[in-house]
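>>> please work out how this folds:
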Amino acid sequence: ISAFIQLAWTANAAAQVCDIFVDDTAAGANNGSSWANAYTTIQNGINGATGGQNVCVAGGTYMSGANPVVNMAANINVYGGFAGTEAQVPDRTDPTANASIIDGQNARRCVNGAANATLDGFTIQNGSAVSGAGMLVDYTGVTNATMNVSKCIFYNNNATGTAANNGGGGLNFIANDLTDFINLTNCIFSNNSTGEDGGGFRQQGWGGGTAVQSYIMNCSFYGNSATDVGGAVRAYQTNGIQIINSAFWTNTAGNNSPQIYGWGGANVTVSFSANHQAPGGGNGYVDGGNNLPVGTDPQFVAPPLDMHITFPGSACIDAGTNVGAPADDFEGDTRPDNLIVDIGSDETVSNARPSITSIPPANATEDLLYTYNITSNDPDGDPITLAKTASDTCGGTLVDNGNGTGDRKSTRLNSSHIPLSRMPSSA
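Residues are numbered from 1 along each chain as shown. Below you'll find the predicted structure:
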């Protein structure tokens, strides 16, 4: 299983060149040939691509009167989160810094998936549909198909249907047979809802057995709700779901299993994860081992919008498995930061030490006031406070200029070392 996930991730990462460009602010030829001449809608970019090409989408909010807003095509890879200067997919450093938002305006579905396609680096929000409000991947009548979804944020999507086959507020996956798969990697599902089941993610399809058709790796589920069962994840009349390195917190369901529910012989196997719900009880939720104790709070910073985990402090840090894990997190930070990957969509980054440089005057006269110029830099961009330590016996004063620089004033000639301290700051 892990080998399959790793293979799928590697194949996606190998796609390098931006073939088609989309930017909603472009004012050029509108033919997708460059950022200057980019298409202004994602749909036109997809329609202009051929099999295997990469559509690169600049940051912006993309809406449409069409339903869905975006209709994907087979064998087309769509990447969001670009600044509008990049030539290749790896040139995009952080998809969240230039958020590409697909907005259903609470009136329509955001995305329809396609066979052997990739959606990467988007915020999918405010979708409304009977099922699959954020995204629907329907492989009915389709075989040998895989949908890869990575670094996507599903937020505030609502599946309004109440019939047995409805649900999947964030994403609904319908498999045709055992050759159909979906891979969810580094995704966030927050505040999605459904009038039926599977507030965050729902899988429905072939049979009901032990074969795995959905792979969820390093994802975070928070605040999703279902009127029936499976507030976060629901497997319905289908084969299994495998969940690894993922975090679940404060999801709710009206009838049963607020986090995870499987039915009709479908098992949802969870390992190396943090969950608010105990396995067992006939709900199809199977403990795959190495999970954090039930009820362990992942300590998301400010959910549902800020789904980073608290550093330091979160039990999810260094608690996952490296086997099959992606090479980076939802915003491009390298995994693992330490020796072991974190649980959830976010990989915490250790706080780097600042550099401090003290430049003494070239000449000084004894007993006269002179000044050291002090400069500092923090690689993480954290604020720096300059202050004398209690062990500083050199006398004089230290003035913090408030911008990472300071002035040390003294009448002593031989202060070759100036002790300084950095006040604590968060990563």
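>>> show me the shaky parts of the stretch 1-150 of the chain.
For the stretch 1-150 of the chain, applying pLDDT under 70 flags the ranges 1-15.
>>> gap between the residue nearest the centre of the chain and N176?
In the chain, the residue lying closest to the centroid (CA atoms, centre = their mean) is F330, at 3.1 Å. Separation of F330 from N176 (CB to CB, to the nearest Å): 29 Å. In short, each C-beta sits where N, CA and C put it, glycine included.
>>> F181 touches S214, doesn't it?
Yes - between F181 and S214 there is a contact under CB atoms under 8 Å: 7.2 Å.
>>> with neighbour numbers in mind, choose between these two.
Comparing F181 with S214 by other CB atoms under 10 Å, the one with more neighbours is S214, at 28 against 20.
>>> leaving out chain neighbours, which residue sits closest to that one?
In this structure, S214 finds its nearest non-sequential neighbour in I241, 4.3 Å apart by CB to CB, 6 or more residues apart in numbering.
>>> helices or strands up against the helix or strand that contains that neighbour?
Per DSSP states H and E: I241 is located in strand 240-244. Helices and strands touching strand 240-244, as assessed by 3 or more CB pairs under 8 Å, 6 or more residues apart in numbering; DSSP states H and E, comprise strand 212-217, strand 233-236, strand 260-263, strand 268-271.
>>> tell me which of those sits most buried.
Of the helices and strands packed on strand 240-244, the one with the most neighbours on average (mean count of other CB atoms under 10 Å) is strand 233-236, at a mean of 31.
>>> would you mind writing the CA trace of stretch 129-144 as PDB?
Extracted in PDB, the C-alpha atoms of stretch 129-144 (Å, rounded to 0.1, in the frame of the first residue of the first chain):
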ATOM      1  CA  ALA A 129     -24.400  20.700  -4.600                       C
ATOM      2  CA  VAL A 130     -26.600  17.600  -3.800                       C
ATOM      3  CA  SER A 131     -23.300  15.600  -3.300                       C
ATOM      4  CA  GLY A 132     -19.600  16.400  -3.700                       C
ATOM      5  CA  ALA A 133     -20.200  20.200  -3.100                       C
ATOM      6  CA  GLY A 134     -16.500  21.000  -3.200                       C
ATOM      7  CA  MET A 135     -15.400  18.300  -5.600                       C
ATOM      8  CA  LEU A 136     -17.100  15.300  -7.200                       C
ATOM      9  CA  VAL A 137     -15.000  12.500  -8.700                       C
ATOM     10  CA  ASP A 138     -17.500  10.100 -10.400                       C
ATOM     11  CA  TYR A 139     -15.900   7.100 -12.100                       C
ATOM     12  CA  THR A 140     -19.200   5.400 -12.900                       C
ATOM     13  CA  GLY A 141     -18.500   3.400 -16.100                       C
ATOM     14  CA  VAL A 142     -14.800   4.300 -16.000                       C
ATOM     15  CA  THR A 143     -12.000   1.800 -15.300                       C
ATOM     16  CA  ASN A 144      -8.300   2.100 -14.600                       C
END
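>>> got the phi and psi for the closest residue to G60 other than its chain neighbours?
Nearest residue to G60 in three dimensions, chain neighbours excluded: D24, at 4.2 Å (CB to CB, 6+ apart). Backbone torsions of D24, given as degrees, to the nearest 10, read phi -70, psi -10.
>>> then D91?
phi -70, psi -20.
>>> likewise for T334?
Per-residue torsions, T334: phi -70, psi 140 (degrees, to the nearest 10).
>>> got a list of what the nearest residue to it once chain neighbours are set aside touches?
Leaving aside its sequence neighbours, T334 sits nearest to D328 (CB to CB, 6+ apart; 5.4 Å). Residues in contact with D328 (CB atoms under 8 Å, 6 or more residues apart in numbering) are 186, 334-335, 347.
>>> nearest to E196, of the helices and strands packed on strand 240-244?
Comparing those against E196 with CB to CB, the closest turns out to be strand 233-236 (8.6 Å).
>>> I'd say the residue nearest to G60 and N44 touch.
No - here D24 lies out of contact with N44, judged by CB under 8 Å, at a distance of 10.8 Å.
>>> picking up where we left off before, what's the spacing between the residue nearest to the centre of the chain and N148?
14 Å.
>>> how about the helices in the protein?
Ranges of helices in the chain, per DSSP state H, are 2-13, 42-47.
>>> redo the helices and strands packed on strand 240-244 as CSV? Include distance to T118 and mean pLDDT.
Shown next, in CSV, are the helices and strands packed on strand 240-244 (distance: least, CB to CB, whole Å; pLDDT from 0 to 100):
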stretch, distance to T118, mean pLDDT
strand 212-217, 14, 90
strand 233-236, 22, 88
strand 260-263, 26, 86
strand 268-271, 24, 92
